[in-house]
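Chemist: Okay, predicted coordinates and the sequence, questions at the end:
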Amino acid sequence: MKKTLLLSILVLLPGVTLAQEQTDLTRYNTSVSFALESNELKVLTELTIPVSALTNNKAQLFLNKSFDIDDIAGESLKEYSVSPSKKVPPWNEVTLSFESVSKVHEVTVSYRGEIDEAAGHGNFIASKGIHLSIDSAWHPFYKNFATPMQGELEVILPQKWKVYGPGSVSMQNNAHQMSVTKDRIDVSFYASPNGNEYTDGNFTVVYDKANKDRAKRLATAGNNCLAALNGKFGQTEELESASLVILERAGPSFARGSYLSVSSQGGRSKQQSYHYICHELAHNWTSLGNAMSHDYWMMESFAEYVAAEEVKLNFGTEAYEKVLAAWKSRAKKQSFVWRADIEQRASSKVNYGLGPLKLKQLKAQIGEEKFARLLHWYMTEQVTETEQLLKHLKELTSDEDALWFRLLLEGRKTDSA
C-alpha cells in the first residue's frame, strides 16, 4: 500500500517549466560520491533558500528516511527537526526553522545512506549504473512538490562514465558537473559506465543491454516529435536536443524537461511510445505554478492534446481514435474538470481524460483557426491559472464563448465529448 501511494504521487510530476522569478529561486550546489559495492552514496549540498519558499519562517523538505544526516548548519538557522512523513511513509520530513527575516538563507546539509533497489522506486546504485530521481528522495526537495530549484551537481565517478540529466554535463576537476538552469522540483540523473546510446538527429536514447533493440526506433520517434514541436512552438524558445534513458527497472517513467527516463516494463507499441515521448516533450512549452493546484489540469491536458494531434499526423485517424477512446474510458464518472472554488489537484482521470476531451470540444465550438491561436498562446506564454486561459479566450472570441467554456469545465454543460 505504501509503495502504491508513493508511485501514484510521483508518476504525475512531469518535466515542466515553472513560472518563478529568479530572485525567488532555491539554488543547490551539491556533490555526491558513491560506494558502488554497497549501493551507498555520500552527499554534501549547499542550499540557498529564498524567503518566498518559507511558511512561518520554515522550509519543509523531503529526504529518504533511511539516510543518516551528519550535519545541518547555517548562520541564520535557528533549529531543525527530522520526522517520519505521514504523507509519504518511506521519506522523512526535514523542517528548517530560521531566526532572522532575511531575503535568503544559506544552509549546508551533509548525509549518507544506501539506496534500496528492492524498494520498487526504480532507483539504484551499482557497478552497472546509477539511476537517481525524486522516487527515492535521494536529494532534498520541497514537501509541496511544487517549489522549483536550479543548481550545480558534482557527480564523483571515473572519467569513463557518462552522466545524463536535465542539464548540461561537463568534466571539471576530475568530476562530472551537471548544470541545471531550468526550474525543476527535484534533482535527477543517470550515470553509465559503458555509455550505450543511439542518436538520431537531436534525440539520444541511452539504453541497457535489455533494450538495445528498441533504441533506434525510440530515437527516430523522439527526433521526429522534437522537430515537429519545435516547428509549432519553438519560435521563441527552441528545445535544441533531448535524451531518453530506457532501462529494465522497476518504478514509474518520468520526464524532467529534455531528460526522459523510461521503464521498459510497460512494453509500449510504436504508437504508444510516440504518444508518450510527444506528451513529455510538449511539457517543455507548458508552465506550472503549483503542481498540487486545481489549475494543474491545463498542463497535462494541453500536453495530452498536443501529443494526440502528433499521433494523428504520424499514425492516422484509426490510431487517433484509439487515443480518444482511452480518454473517454478515463473520463467515465468524472463530472467536471475545474472549478474556481476548489484548490486541490484533480485526478489523473480528469487531467489525462476529461480535460483533453473538453479542449477538443472547445475547438469544435470556436473553430480550428481560433483554437490554433489559443493553443499557440498557451504553449508559448506563462499561463499557470485557468482564469488566465478564460480571459484570453474571451479576448480571442467572445464573452459567450468564454462563458460557455467555463460552464463546460465546471460540468454545468452536458454537451457530448
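Modeler: Nice, I can see it. Note that the structure is a prediction, hence the values are computed from the model and not measured.
Chemist: Only C-alpha atoms from now on, for both contacts and neighbour counts.
Modeler: Fine.
Chemist: how deep is the residue nearest to Asn39 when sequence neighbours are not counted tucked in, by neighbour count?
Modeler: Setting aside the residues directly before and after it, Asn39 is nearest to Ile125 in space (C-alpha to C-alpha, 6 or more residues apart in numbering), at 4.8 Å. Per other C-alpha atoms under 10 Å, the neighbour tally for Ile125 reads 23.
Chemist: May I ask you to confirm that Ile125 is in contact with Ser33?
Modeler: No - contact between Ile125 and Ser33 fails when scored by C-alpha atoms under 8 Å: they sit 10.7 Å apart.
Chemist: where in the chain is pLDDT low?
Modeler: Residues of the chain that meet the criterion pLDDT under 70 lie in 1-23, 266-267, 414-417.
Chemist: ok, 50 please
Modeler: Across the chain, the ranges flagged by pLDDT under 50 are 1-5, 7-9, 11-12, 16-21, 416-417.
Chemist: quick one, helices of it?
Modeler: 2-10, 215-233, 270-282, 296-315, 317-331, 348-349, 355-366, 368-380, 386-396, 399-409 (DSSP state H).
Chemist: quick check: domain ranges of the chain?
Modeler: 2-192, 296-409 (automatic domain parsing).
Chemist: for those domains, which one sits closest to Ser287?
Modeler: Of all those, it is domain 2-192 that lies closest to Ser287, at 4.9 Å by C-alpha to C-alpha.
Chemist: Counting neighbours, what do you get for Lys360?
Modeler: The tally of other residues near Lys360 (other C-alpha under 10 Å) stands at 15.
Chemist: typo on my end, Ser85
Modeler: Applying other C-alpha under 10 Å, we find 17 other residues in the vicinity of Ser85.
Chemist: Tell me how far Phe302 lies from Arg373.
Modeler: Phe302 sits 13 Å away from Arg373, taking C-alpha to C-alpha, to the nearest Å as the criterion.
Chemist: Which residue of these two possesses the greater neighbour count?
Modeler: Phe302 (23 against 13).
Chemist: Setting aside sequence neighbours, what's the nearest residue to that one?
Modeler: Once flanking residues are discounted, Phe302 sits nearest to Pro356: 6.6 Å by C-alpha to C-alpha, 6+ apart.
Chemist: One more: His131?
Modeler: Distance criterion C-alpha to C-alpha, 6+ apart; nearest residue to His131, sequence neighbours excluded, is Tyr190 at 4.5 Å.
Chemist: Quick check: the gap between Met299 and Tyr378.
Modeler: Relative to Tyr378, and taking C-alpha to C-alpha, Met299 is found at 9 Å.
Chemist: tell me, what's touching the two both at once?
Modeler: Thr286 (C-alpha atoms under 8 Å, 6 or more residues apart in numbering).
Chemist: The two: which is more packed in?
Modeler: Shown here are Met299 and Tyr378; by other C-alpha under 10 Å, Met299 has more neighbours (26 against 22).
Chemist: Report the contact partners of the more buried one.
Modeler: So Met299 contacts 283, 286-288 (C-alpha under 8 Å, 6+ apart).
Chemist: now the residues you listed in TSV, with distance to Ser335 and neighbour count?
Modeler: As requested, the contacts of Met299 are exported to TSV (distance: C-alpha to C-alpha, whole Å; neighbours: other C-alpha atoms under 10 Å):
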residue	distance to Ser335	neighbour count
His283	26	25
Thr286	25	24
Ser287	25	24
Leu288	24	25
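Chemist: Which two of those have the greatest separation?
Modeler: Every pair of the contacts of Met299 checked by C-alpha to C-alpha; the farthest is His283 and Leu288, at 9.5 Å.
Chemist: list the buried ones in stretch 372-389?
Modeler: For stretch 372-389, a neighbour-count test (16 or more other C-alpha atoms under 10 Å) marks 374-375, 378-380, 382-386, 389 as buried.
Chemist: next one: stretch 162-182
Modeler: Applying a neighbour-count criterion of 16+ other C-alpha under 10 Å, one finds 162-167, 169, 175-180, 182 buried in stretch 162-182.
Chemist: re the thing from before, what's the farthest-apart pair in the buried residues of stretch 372-389?
Modeler: Pairwise distances across the buried residues of stretch 372-389 (C-alpha to C-alpha) peak at 15.5 Å, for the pair Thr380 and Thr386.
Chemist: what residues does stretch 125-142 touch?
Modeler: So stretch 125-142 is contacted by 6-7, 10, 34, 36-40, 59-64, 91, 115, 117, 121-124, 185-193, 251 (C-alpha under 8 Å, 6+ apart).
Chemist: so how far is the first residue of that stretch from its last?
Modeler: Stretch 125-142 has its terminal residues 23 Å apart, counting by C-alpha to C-alpha.
Chemist: Pull out the buried residues from that stretch.
Modeler: Neighbour counts over stretch 125-142 (16+ other C-alpha under 10 Å) mark 125-126, 129-142 as buried.
Chemist: out of those, which one sits closest to Glu400?
Modeler: Distances from Glu400 to the buried residues of stretch 125-142, taken by C-alpha to C-alpha, are shortest for Tyr142, at 40.9 Å.
Chemist: how close does that closest one get to Lys128?
Modeler: 30 Å.
Chemist: Same question for Phe254.
Modeler: In terms of C-alpha to C-alpha, Phe254 sits 21 Å off from Lys128.
Chemist: Show the contacting residues for the residue lying closest to Gly167 once chain neighbours are set aside.
Modeler: Closest residue in space to Gly167, ignoring its immediate chain neighbours: Val180 at 4.5 Å, by C-alpha to C-alpha, 6+ apart. For Val180, the contacting residues are 150-152, 166-168, by C-alpha under 8 Å, 6+ apart.
Chemist: hmm, 6 Å instead?
Modeler: 150-151, 167 (C-alpha atoms under 6 Å, 6 or more residues apart in numbering).
Chemist: try Ala282
Modeler: Ala303.
Chemist: Quick check: Asp71 touching Ser110?
Modeler: Yes - counting by C-alpha atoms under 6 Å, Asp71 does reach Ser110; the two are 5.4 Å apart.
Chemist: Give me the more crowded residue out of those two.
Modeler: Taking other C-alpha under 10 Å, Asp71 and Ser110 do not tie; Ser110 has more neighbours (18 against 10).
Chemist: What is the neighbour count of the closest residue to the more buried one other than its chain neighbours?
Modeler: Nearest non-adjacent residue to Ser110, counting by C-alpha to C-alpha, 6+ apart: Leu44, 4.4 Å away. Using other C-alpha under 10 Å as the criterion, Leu44 is surrounded by 20 other residues.
Chemist: Lovely, talk soon.
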